[in-house]
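A.B. asks: Quick one, fold the following:
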Amino acid sequence: MSNPPVPMTPVQRVWLIDEVVRNILVQVPSVGCSKTLASCARVSTALSEPALDVLWSKMTGLLPLCELLPQSSDAVVGHPNHPEQKLADTIDAYAVISDRDWSRFMRYARRVRKLHYHCREGPSERLRHRTFAALLRRAAHAGVPLLPRLEELSWLQSSQDVAHYQHFISPSLRHITVYVQPSLQPEHRHANELLQLLNVQSPNVEELSLEGVQLATSLQPLRAFKRLRGLRLGSVNVPVSTILSYCAMMPRLSSLSVDLTQSPTHLGGFSSDSSLEALEVLHVAGPPSPIEELINAVRSPSLRSAHLSILIPEHDRDGGARCVATLSARFATSIDTVFVEYKRSADRLAPHAPRAFSHYAQPLLSLRGLRKCTLVVEDALPVCMADADVHAMAEAWPGLVSLEVTLGTSAALPSIVALGAFARCCPELESLYIPIAQDVSVLEDDSVRARDVMEEVGDRHGLRSLLLSGVGFTQRDSHRVMRYLLHTFPTVNLLPMLSAGVLRSSGSYRV
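C.D. replies: Numbers count the residues shown, from 1 in each chain. Presented below is the predicted three-dimensional model:
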């Protein structure tokens, strides 16, 4: 009689649950991950398939897969130990990949979920035309993509051979990034070919990023855009109306990123069919006019995040403030995160007095629900920032969690005691980066000022991250500054400023 099976312990039974095993394997540390997963695949039948899936899930090139093919007599060309020379032909010019070899290739190719191909050369240049052509022929004969379960494709290439990413388009794709070196931009027909290919083979794509791929001025409606939620276009030279016509085909589009620096700057109208109805996140760069045109086309009630990088020409000095004012007026109740960068041209700069910081900040003050704000001013002329500007921001944004203000050059900066406004008005503030005046003589009466702040705030304020820019205090002044900051923000961490040389201390900073 055969012996009865030995009962399994609870720990042993856990290893038979596929979901548990996979969750464990994806937590393997990145250092030495490949070797660890390979060992798991060899030592246990329960771990073998899940470990192989994780091991092959992300590829940064095609070499590991091509090494599964049989080696020909001239497989290595030049220096055999050089990494790139190992990418030479692995099969003869007219050889056909056998069913057995193709089955072995596909056993691992179907495990690939992410392909990040970041190379100067295309596959046919790095693998030689014979190997890549043989793979394409065999895939076409089998009627499947090279990587049939690919979900994410990131293709960055800077050679003339820019069309091979199309061979990796599959029905399973959800995220696609294609970058082509600007000097090698494909013609409009290549962009249309890609979009038409997505329409046929990847109708469920959710995120599409095209960098260096110029769009055609018109396009027929594509069903591939019906599920698209994220679109990143990089730098384009088409009018805003063309971009809106593309976006009109994307009813679920919630995130748009585009560089309008090369876009025509004239204002154009837009129809009700060319608007952004579901947008939640907007990233845009360029001159004021096309940015303003794009903002006016956003009709989504749920826009919550805006990232504007405004290139202000000297002939349109108010263009940046006009764009931000338009944004604030139309989305005052929905936006909670904003990044505004003003880049003012220094060409043909006329003599002007220093500009007031309020010119840049005032248009944002109507965003009463703002929680995260970054304001960058790169102006050839100095900017004057006063205590009143700090008070205005603190009072306008009571729910503020993070604030960063960066000035290129400054003629005047707020005093350190102006920070007390954030302690009084912004109880949720966690991170603050702001320029401050070097003169701290106002702190000679800091005990009174600190006591006034503490009476209103107590020890409740949770600011932890603080960086004062544009200053470097002496040890004597540092002592005053640290006393004031620790009384005003009891939980603040001053070590980063001590490490950066903003503050100096001979001992513990807890004074």
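A.B. asks: remind me which residues of the stretch 401-511 of the chain are low pLDDT?
C.D. replies: Of all residues in the stretch 401-511 of the chain, those with pLDDT under 70 make up the ranges 445-460, 507-511.
A.B. asks: Residue 40 versus residue 8, what's the distance?
C.D. replies: Distance of residue 8 to residue 40, given as C-beta to C-beta, to the nearest Å: 20 Å. In this view, the C-beta of every residue, glycine as well, is placed from N, C-alpha and C.
A.B. asks: Residue 68 now?
C.D. replies: According to C-beta to C-beta, residue 68 and residue 40 sit 20 Å apart.
A.B. asks: between these two, which one's more packed in?
C.D. replies: More crowded of residue 68 and residue 40, by other C-beta atoms under 10 Å: residue 40, with 21 against 15.
A.B. asks: Excluding covalently adjacent residues, which one is nearest to the more buried one?
C.D. replies: With sequence-adjacent residues excluded and distances taken as C-beta to C-beta, 6 or more residues apart in numbering, residue 40 is closest to residue 51, at 4.0 Å.
A.B. asks: My reading is that the one you found lies in a helix. Confirm?
C.D. replies: Yes. Per DSSP: H, G, I helix; E, B strand; the rest coil, residue 51 lies within a helix segment.
A.B. asks: residues contacting it?
C.D. replies: For residue 51, the contact set (C-beta atoms under 8 Å, 6 or more residues apart in numbering) comprises 25, 37, 38, 40, 41.
A.B. asks: Now the two most distant members of those residues.
C.D. replies: 25 and 38 (11.7 Å; C-beta to C-beta).
A.B. asks: Tell me if I am right that residue 434 is in a strand.
C.D. replies: Yes. Applying three-state DSSP, one finds residue 434 inside a strand.
A.B. asks: Could you give the number of residues near it?
C.D. replies: Close neighbours of residue 434, defined as other C-beta under 10 Å, add up to 23.
A.B. asks: Return the residues in contact with it.
C.D. replies: With C-beta under 8 Å, 6+ apart, residue 434 has these contacts: 390, 403, 404, 405, 414, 419, 467, 468, 469.
A.B. asks: any chance of those in JSON lines, plus secondary structure and distance to residue 97?
C.D. replies: Putting the contacts of residue 434 into JSON lines (DSSP: H, G, I helix; E, B strand; the rest coil; distance: C-beta to C-beta, whole Å) gives the following:
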{"residue": "390", "secondary structure": "helix", "distance to residue 97": "69"}
{"residue": "403", "secondary structure": "strand", "distance to residue 97": "60"}
{"residue": "404", "secondary structure": "strand", "distance to residue 97": "56"}
{"residue": "405", "secondary structure": "strand", "distance to residue 97": "61"}
{"residue": "414", "secondary structure": "coil", "distance to residue 97": "70"}
{"residue": "419", "secondary structure": "helix", "distance to residue 97": "69"}
{"residue": "467", "secondary structure": "strand", "distance to residue 97": "59"}
{"residue": "468", "secondary structure": "strand", "distance to residue 97": "64"}
{"residue": "469", "secondary structure": "strand", "distance to residue 97": "61"}
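A.B. asks: where do the helices sit along the stretch 401-511 of the chain?
C.D. replies: Counting by DSSP state H, counting those that start in this stretch, the stretch 401-511 of the chain has these helices, from start to end: 420-425, 446-457, 475-488, 495-500.
A.B. asks: for the stretch 251-400 of the chain, which spans come out with low pLDDT?
C.D. replies: Applying pLDDT under 70 to the stretch 251-400 of the chain flags residues 265-274, 345-352.
A.B. asks: circling back to that earlier point, comparing residue 25 and residue 38, which residue is more hemmed in?
C.D. replies: For residue 25 versus residue 38, neighbours defined as other C-beta under 10 Å are more numerous around residue 25 (20 against 13).
A.B. asks: roughly how far apart are that one and residue 151?
C.D. replies: Distance from residue 25 to residue 151, counting by C-beta to C-beta: 18 Å.
A.B. asks: now do residue 231
C.D. replies: As judged by C-beta to C-beta, residue 231 and residue 151 stand 18 Å apart.
A.B. asks: is it true that residue 244 lies in a helix?
C.D. replies: Yes. Remark: residue 244 belongs to a helix, assigned using three-state DSSP.
A.B. asks: isn't it right up against residue 297?
C.D. replies: Yes. Using C-beta atoms under 8 Å, residue 244 is in contact with residue 297, at 5.4 Å.
A.B. asks: What segments of the stretch 201-350 of the chain are helices?
C.D. replies: For the stretch 201-350 of the chain, the helices defined by DSSP H, counting those that start in this stretch cover 240-247, 288-297, 319-330.
A.B. asks: For the residue nearest to residue 506 when sequence neighbours are not counted, list the residues it contacts.
C.D. replies: In space, and not counting its chain neighbours, residue 506 is closest to residue 475: 6.7 Å by C-beta to C-beta, 6+ apart. Counting by C-beta under 8 Å, 6+ apart, residue 475 makes contact with 504, 505, 506.
A.B. asks: Can you show me the helices along the stretch 1-150 of the chain?
C.D. replies: Here the stretch 1-150 of the chain has its helices, by DSSP H, counting those that start in this stretch, at 10-14, 18-25, 33-43, 45-55, 63-66, 99-109, 123-126, 128-142.
A.B. asks: Lowest average pLDDT across the ones you listed?
C.D. replies: Mean pLDDT is lowest for helix 123-126 among these, at a mean of 55.
A.B. asks: Show me where the stretch 51-200 of the chain has its strands.
C.D. replies: For the stretch 51-200 of the chain, the strands defined by DSSP state E, counting those that start in this stretch occupy 58-59, 114-119, 152-157, 175-180.
A.B. asks: could you dump those strands to JSON lines with mean neighbour count?
C.D. replies: As requested, those are exported to JSON lines (neighbours: other C-beta atoms under 10 Å):
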{"stretch": "strand 58-59", "mean neighbour count": "16"}
{"stretch": "strand 114-119", "mean neighbour count": "16"}
{"stretch": "strand 152-157", "mean neighbour count": "20"}
{"stretch": "strand 175-180", "mean neighbour count": "20"}
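A.B. asks: So for residue 137, which of those sits nearest?
C.D. replies: Checked against C-beta to C-beta, the stretch from those lying closest is strand 114-119, at 20.0 Å.
A.B. asks: So what are the sheet partners of that closest one and their directions?
C.D. replies: Applying DSSP bridges, strand 114-119 is found paired with strand 58-59 (parallel), strand 152-157 (parallel).
A.B. asks: so where's the stretch 101-250 of the chain shaky on pLDDT?
C.D. replies: Using pLDDT under 70, the flagged stretches of the stretch 101-250 of the chain are 119-129, 157-163, 181-192, 214, 216-224.
A.B. asks: Counting neighbours, what do you get for residue 390?
C.D. replies: Counted with other C-beta under 10 Å, residues neighbouring residue 390 total 25.
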